[in-house]
Structures are given as C-alpha cells and as structure tokens.
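> turn this into a model:
(chains A and B)
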Amino acid sequence: DGGITQSPKYLFRKEGQNVTLSCEQNLNHDAMYWYRQDPGQGLRLIYYSQIVNDFQKGDIAEGYSVSREKKESFPLTVTSAQKNPTAFYLCASSMDRGGYEQYFGPGTRLTVT
Amino acid sequence: AQKVTQAQTEISVVEKEDVTLDCVYETRDTTYYLFWYKQPPSGELVFLIRRNSFDEQNEISGRYSWNFQKSTSSFNFTITASQVVDSAVYFCALSENSGGSNYKLTFGKGTLLTVNP
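This next block holds a predicted model:
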C-alpha cells in the first residue's frame, strides 16, 4: 500500500534531550513537509523539502532540524532549543510544490516533561 | 488578518441533519488552490478535495458537496444526511504562490463537527 508512515505514534522525552521523529513515504513524491499542531489550532509549517539534499525553513523552524538524504525519508529532530516541544507532529508529502494536494501520515504525539 | 477563516469553532448536529462548514479565504493571487481535509480522532489528516481558482463549478461526492464562490472568497463544505462517522475536525486550506513554481499551504484553525446519534 502506498502511503506515509510515521513512527512512533507516541513519544515521551525529558526536557533537554533531542529527539528524532521518523517519516517515510512510498508515494514517489518529490516534496515533503513537517507540520506542528497544537490543541485547537491549525497546522503550522516547520520545514519542507522539494528535493533530496535540499530543505527550507517554514514558519516555525526555530529549535528544529531536518535532513533529506533519500527521497523517501524526511526525519525531523526536535532539539533542546525548542521552547515548547510538546505537540502533535504531522509529516506530509506531495508530488511537488506546485499546489498539489498533500497527503499526511498518522502523526507522532510528542510529550516532553 | 487570517488568510483562511473558519468562523465555526464547533458544530453539533443530530444524525441525518445536513450541516455546512464555512470557509472564507483571503488572497491577492489569481491562481490559487483550495482544499478541505478531515481529521478524525485518530489524528491523521485525510484529503477530501482540491479546487483551483479557475474552476468555480460546485462539486458533489456522495453526501459531500462543495460550494466555491470567488465573489465572496468562500469555499463552503456541506455534508448531507450526516452520520456519526462524520464526527471529526475539518480543515480548510489555501495554497498560494510563494515564489517561482512554489506554493505554500495555509490552514484554517478547523471546525470540530460532532454528529450525535
């Protein structure tokens, strides 16, 4: 089945630790995205990538880092510099950045205490 | 000002009622795209529809229908004969050109729809 996988579903970390969220797609999409969702809010763009080895900051990139070494994979690292890391993180992909619909993974709920 | 406004934060209906979710957008672009996504309690966003700015034809898909009116910058979503399984948060989103051939997707804050049996 084609789709996007994110792991794990739930993640718990202590404050001060970096944590990496996984995102893999087998849709052969060029563009991939990371969003953050807080309760009662819409989605806010953290980072996006249009092509392997290239990525751009979104609206709220501070405290996050990404890599795009393979077309299928776009992991997100939440660093200790992120002030409020507890949130629901969603990964998405689309054919390219030309206004196509984005398809989303199941999300990772990160809790930092 | 918000680019995508979903004024209804929460809506509660009884099964079989029709319900309309409102979406008003703001853009200066002539070419743009509008979307609706469904987010059930499981959390994953499910793509429902994409509409480009040049196509104002209304669309119907089963119990779902969409009304796109450029004159009022609205892209409303109607569920006919609602069912409990329709309970979810629904997001409207706008995709605008952000430079070159790149488009940026902006989401509204969503409308929580609860369909009671």
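> and residue 47, what pLDDT?
Picked chain A for this. If you check A:Y47, the pLDDT there is 96.
> that was the other one, I meant chain B.
Note on B:F47: pLDDT of 95.
> once you drop chain neighbours, what's closest to it?
A:E101 (4.9 Å; CB to CB, 6 or more residues apart in numbering or on different chains). Placement of C-beta: from N, CA and C, glycine included.
> show me the contacts for that neighbour.
By CB atoms under 8 Å, 6 or more residues apart in numbering or on different chains, the contact list for A:E101 reads A:94, B:35, B:47, B:50.
> cool, and A:Q6?
A:Q6 neighbours (CB under 8 Å, 6+ apart): A:21-24, A:89-91, A:105-108.
> A:L11: which of those is nearest?
A:T108 (5.8 Å; CB to CB).
> for chain B, which strand is longest?
The single longest strand within chain B, with elements called by DSSP state E, is strand B:88-99.
> and the contacts of A:Q6 near chain B, which?
A:90, A:105-107 (CB under 8 Å from any CB of the partner chain).
> identify the farthest-apart pair in those.
A:L90 and A:P106 (8.4 Å).
> these two: which has the busier surroundings?
A:L90 (26 against 16; other CB atoms under 10 Å in any protein chain shown).
> who's that one bridged to?
A:Y35 (DSSP bridges).
> and if you look at B:K104?
B:E96.
> all the helices of chain A, residue numbers only.
Counting by DSSP state H, chain A forms no helices at all.
> how about the residues of it by chain B?
Counting by CB under 8 Å from any CB, the residues of chain A near chain B are A:40-43, A:45, A:50, A:88, A:90, A:92, A:96-107, A:109.
> hmm, try it at 7 Å
A:41-43, A:88, A:90, A:97-99, A:101-107 (CB under 7 Å from any CB of the partner chain).
> the residues you listed in strands, which ones?
A:43, A:88, A:90, A:103-104.
> list the contacts for the closest residue to A:D30 other than its chain neighbours?
In this structure, A:D30 finds its nearest non-sequential neighbour in A:D96, 4.9 Å apart by CB to CB, 6+ apart. Counting by CB atoms under 7 Å, 6 or more residues apart in numbering or on different chains, A:D96 makes contact with A:30-31, A:50.
> report pLDDT for A:D96.
Note on A:D96: pLDDT of 79.
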